[in-house]
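Trainee: Need coordinates for the following:
(6 chains)
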4 protein chains.
Amino acid sequence: MSENNPRSQPPGRRKIVRSVRKLLETNDFNSITTAEIARTAGVTEGLIYKYFDNKRDLLYHVLETHFNRFITQCEAAIADADTALLKLRAIMHAYLDSYNRHRVFARILLLEVRNAASFFESSAYAEVRRHSRIILGIIKTGIENGEIRDDVAPEAIRDAMFGTIEHSTLASLIFNRPLDADAICERTCRILFDGIRR
Amino acid sequence: MSENNPRSQPPGRRKIVRSVRKLLETNDFNSITTAEIARTAGVTEGLIYKYFDNKRDLLYHVLETHFNRFITQCEAAIADADTALLKLRAIMHAYLDSYNRHRVFARILLLEVRNAASFFESSAYAEVRRHSRIILGIIKTGIENGEIRDDVAPEAIRDAMFGTIEHSTLASLIFNRPLDADAICERTCRILFDGIRR
Amino acid sequence: MSENNPRSQPPGRRKIVRSVRKLLETNDFNSITTAEIARTAGVTEGLIYKYFDNKRDLLYHVLETHFNRFITQCEAAIADADTALLKLRAIMHAYLDSYNRHRVFARILLLEVRNAASFFESSAYAEVRRHSRIILGIIKTGIENGEIRDDVAPEAIRDAMFGTIEHSTLASLIFNRPLDADAICERTCRILFDGIRR
Amino acid sequence: MSENNPRSQPPGRRKIVRSVRKLLETNDFNSITTAEIARTAGVTEGLIYKYFDNKRDLLYHVLETHFNRFITQCEAAIADADTALLKLRAIMHAYLDSYNRHRVFARILLLEVRNAASFFESSAYAEVRRHSRIILGIIKTGIENGEIRDDVAPEAIRDAMFGTIEHSTLASLIFNRPLDADAICERTCRILFDGIRR
DNA sequence: CATGAATGAGTATTCATTCAT
DNA sequence: TATGAATGAATACTCATTCAT
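Mentor: Next up, the predicted model:
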């Protein structure tokens, strides 16, 4: 509780986190310097290391918080969906929409952070996995109640879902093109749900 | 011709390229230094800049050569396939197999290089696009001859193909797990061709 | 009195001193941080500065206490010795034995602390000098009563004593080798008392 | 040869070494920054690391060169001495004289450098040991030809020699007092050669 | 065709210390 | 008597890149 309640955090820490979030809007993480973070936050560089192990640790913290919020929103978005397929559609839409609205985080999550082995040991990645397992559960339920075919592994379905979404997002991210979440969600569902074979 | 014929290349240049290829087997590109490249090649650092604009340029050259070879192999692999779907299956298998056999290049292509804007202006990326267009052509032919449904954009199908393949590869790449190209190809085709709906 | 009676010291202070003593067993002083001292002591860093001017001051305090105890033991060790030479032998043995049993303090005293000018203004060094003067007194007595030759300055004799002892200790300290106090004392006395000339 | 011939060294390297030597005259090594070294040398900081592994490595190099020269002078100084004892006296005088004339190096050698384990793995220390072994040889010869008593280990004699010299030097080094090499040599020889017992 | 000497810009991290409460 | 939040100064080392010869 004290961990999550921002009120209980020392002001300096809050300033640092806010500063990073702000700077990430215009720069990728590697090009942000600790000096810049401190300056923007109005604290000294040293304070960063009082609250975070290192620069990456700080990033992962920001990421975790962000993704945490997303999961909550995502859960809300699928609340109304009755069937497994509708839930999956809602989830895919939530991801696409989030990637589109938070391009900075999308960039970081889909491109920057994956290079570093440390990410996969971070609590931010733990959140990613947590949600991944939730989705796997939905797929399994779909298989059990006969909505989804049972001759492909649930993991394969999840890979196809995320892979397609991410790949569709990547181009627009890289070349800074707009992303039509609705359209991409629709076309992905068509392929994923019913296949491309006529 | 003189560009492609390795025989016509000066020995120093050849040594440098070989050196990079070797070093990439054990290190990711960013952690390789020009000093190391030169040392391994048995030449001086200065020579690198005789033949390449900069370090990245050197990487992109190595990448281009590699991808070039892959395309040739890929083309051969689909020669026997009669239908569009069989061709797509063959292509997917070729990619998966290549990612598995050349994990270093897979890493670089799927993770490292995408961060840098310069990659998307390199001739290595031009090769990637070239092949992408070839595949798009196959999809279109499939649509035209009635093999593939015509209510989804060919680009969407391509995104689903590559996205799924890459996502399936990524985990095994990151966590250094073996990759079963046959199995992943099979399950991807099932989903992609016929959908997950029962 | 209140200075020396540990009972009268505030618990926080005692914890800090104990913490330093403990940490010195495994680390040299410079590599110990105030953060570590506070953590080990279970107090906050700020408290250190309530009781000590700075980190070095803290070290010198610990050193002084240690050396103080040693002097007492040393005095006891020479109580039985009748002649000046026997007293000197007993003192040398006490030093060697102490260096051997308290290697950490030996390191600090013979190596670490001598770099800092501030040490020579500390009360810890005052203790060292005090004992040095006591020993000088013994030498002088020896000269006066005809035991010791009178054509070399007492200071020269003291330098030879300590110099030899320290040099003999240093190697074993640096390379972490065992120290045979008895043997080194014996051989030092032979040389010091009777010379090397046959 | 190319190692030792200063003519064959690149000018930048020579400048760096000269710069360090100069700066050491007024500052102790730790308080000298690489920035300062480079500025004084008129080169960039980076160049330091082309020629030396790190700052300490640079120091050790300077030390080694210095000590090397000293050994040569020392050898010349003992050339005329006929007996082992006379040789030892000449050596002690050479050390004392050198410590007095090169107080900076004396400080470094006797105080600063001994803290660092790395010193004892450096080639500078190898030189120290080399000379130490030479001296040991002289002592052994003295024992063999009956000049020196044979009931104390040669190592003990060496320890007494160096220990006394160093201890005598230390005080004058620390408190910046003049050092009378002749007088200290004389008194040390008296004690060492004939003992303090009347 | 190749060398080798030199550049110069870049930056995260550590730690003792202070001070209001 | 003790906390806890914050400071601020200090610095070695890396590396891609250039260019005269």
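Trainee: The longest helix along chain A vs DNA strand E: in contact?
Mentor: Using DSSP state H, we find that the single longest helix of chain A is helix A:55-78. Yes - counting by C-beta under 7 Å from any atom of the strand, DNA strand E is contacted by helix A:55-78 at A:55, A:56. For every residue, glycine as well, the C-beta is placed using N, CA and C.
Trainee: Buried residues of that helix, list them for me.
Mentor: For helix A:55-78, the neighbour count (16 or more other C-beta atoms under 10 Å in any protein chain shown) marks A:55-67, A:70-71, A:74, A:78 as buried.
Trainee: can you check stretch A:75-91 too?
Mentor: Applying 16+ other C-beta under 10 Å to stretch A:75-91 flags A:78, A:84, A:85, A:87, A:88, A:89, A:90, A:91 as buried.
Trainee: pLDDT of that stretch, averaged?
Mentor: Across stretch A:75-91, pLDDT averages out at 95.
Trainee: List of residues touching that stretch?
Mentor: A:74, A:93-94, A:135, A:138-139, A:141-142, A:145, A:147-148, A:161, A:185, A:189, A:192-193, B:197 (C-beta atoms under 8 Å, 6 or more residues apart in numbering or on different chains).
Trainee: run the last query once more with 10 Å
Mentor: A:74, A:93-94, A:97, A:131, A:134-135, A:137-148, A:157-158, A:161-162, A:165, A:185-186, A:188-189, A:192-193, B:196-197 (C-beta atoms under 10 Å, 6 or more residues apart in numbering or on different chains).
Trainee: which of the residues you listed are buried?
Mentor: Counted by 16+ other C-beta under 10 Å, these give A:74, A:93-94, A:97, A:131, A:135, A:138-139, A:142-143, A:147-148, A:157-158, A:161-162, A:165, A:185, A:188-189, A:192-193, B:196 as buried.
Trainee: Residues of chain A that sit close to DNA strand E?
Mentor: A:31-35, A:45-46, A:48-50, A:54-56.
Trainee: can I see the domain layout of chain A?
Mentor: Residue ranges for each domain of chain A read A:1-52, A:55-194, as given by automatic domain parsing.
Trainee: distance of the spatially most central residue of chain A from chain D?
Mentor: Nearest to the mean C-alpha position of chain A, by C-alpha atoms, centre = their mean, lies residue A:67 at 5.0 Å. Between residue A:67 and chain D the computed distance is 41 Å (C-beta to the nearest C-beta, to the nearest Å).
Trainee: could you give the mean pLDDT of the helix or strand containing residue A:12?
Mentor: Using DSSP states H and E, residue A:12 sits within helix A:11-24. Helix A:11-24 shows a mean pLDDT of 93.
Trainee: Tell me who's in contact with the residue nearest to the centre of chain A.
Mentor: Contacts of residue A:67 by C-beta under 10 Å, 6+ apart are A:74, A:98, A:105, A:109, A:123, A:124, A:125, A:126, A:127, A:128, A:130, A:131.
Trainee: same deal with residue A:12?
Mentor: A:38, A:41, A:42, A:43, A:44, A:47, A:48, A:50, A:51.
Trainee: repeat for residue A:53
Mentor: A:60, A:61.
Trainee: same thing but 6 Å
Mentor: Residue A:53 makes contact with no residue under the criterion C-beta atoms under 6 Å, 6 or more residues apart in numbering or on different chains.
Trainee: Once you drop chain neighbours, what's closest to residue A:162?
Mentor: Among residues not flanking residue A:162 along the chain, residue B:167 sits closest, at 5.4 Å (C-beta to C-beta, 6 or more residues apart in numbering or on different chains).
Trainee: isn't there a helix covering the one you found?
Mentor: Yes - under DSSP: H, G, I helix; E, B strand; the rest coil, residue B:167 sits within a helix.
Trainee: That one against residue A:160, yeah?
Mentor: No - Residue B:167 is beyond contact range of residue A:160, at 7.6 Å (criterion: C-beta atoms under 6 Å).
Trainee: of those two, who's got more company?
Mentor: Set residue B:167 next to residue A:160 and count neighbours by other C-beta atoms under 10 Å in any protein chain shown: residue A:160 wins out with 27 against 21.
Trainee: distance of that one from residue B:95?
Mentor: 15 Å (C-beta to C-beta, to the nearest Å).
Trainee: Give me the nearest residue to residue A:16, chain neighbours excluded.
Mentor: Nearest to residue A:16 is residue A:41, by C-beta to C-beta, 6+ apart, at 4.8 Å.
Trainee: same check, this time on residue A:127
Mentor: residue A:67 (4.7 Å).
Trainee: Give me the pLDDT for the one you found.
Mentor: For residue A:67, pLDDT reads 94.
Trainee: Distance-wise, check it relative to residue A:110.
Mentor: 12 Å.
Trainee: And residue A:126, by the same measure?
Mentor: Taking C-beta to C-beta, one finds residue A:126 at 18 Å from residue A:110.
Trainee: quick one, which of these two is more surrounded?
Mentor: Using other C-beta under 10 Å, the more surrounded residue of residue A:126 and residue A:110 is residue A:110, with 18 against 13.
Trainee: can you list contacts of stretch A:173-186?
Mentor: Outside stretch A:173-186, the residues that reach it (C-beta under 6 Å, 6+ apart) are A:92, A:93, A:96, A:97, A:100, A:106, A:107, A:168, A:172.
Trainee: most neighbours, which of those residues?
Mentor: residue A:168 (27 neighbours).
Trainee: can you pull the contacts of it?
Mentor: A:184, B:159.
Trainee: likewise residue A:45?
Mentor: Applying C-beta under 6 Å, 6+ apart, the residues near residue A:45 are A:34, A:38.
Trainee: pLDDT score for the residue lying closest to residue A:181 once chain neighbours are set aside?
Mentor: Nearest non-adjacent residue to residue A:181, counting by C-beta to C-beta, 6+ apart: residue A:96, 4.0 Å away. What the model reports as pLDDT for residue A:96 is 97.
Trainee: Tell me the residue of chain A that sits nearest DNA strand F?
Mentor: Nearest residue of chain A to DNA strand F: residue A:46, at 1.9 Å (C-beta to the nearest atom of the strand).
Trainee: neighbours around that residue, how many?
Mentor: 9.
Trainee: circling back: of all the domains of chain A, which one is nearest residue D:18?
Mentor: Residue D:18 sits nearest to domain A:1-52 of all the domains of chain A, at 34.2 Å, using C-beta to C-beta.
Trainee: Centre of the chain to the closest one, how far?
Mentor: How far domain A:1-52 lies from its chain's middle: 20 Å, per C-alpha atoms, centre = their mean, to the nearest Å.
Trainee: what does chain A put close to chain B?
Mentor: Proximity of chain A to chain B is confined to A:111, A:114-115, A:148-149, A:152, A:156-157, A:159-160, A:162-164, A:166-168, A:187, A:190-191, A:193-198 under the rule C-beta under 6 Å from any C-beta of the partner chain.
Trainee: low pLDDT regions in chain A?
Mentor: Along chain A, the parts satisfying pLDDT under 70 run over A:1-7.
Trainee: secondary structure element for the residue of it found nearest chain C?
Mentor: Proximity of chain A to chain C (C-beta to the nearest C-beta) peaks at residue A:50, 9.7 Å away. In this assignment (DSSP H and E), residue A:50 forms part of helix A:45-51.
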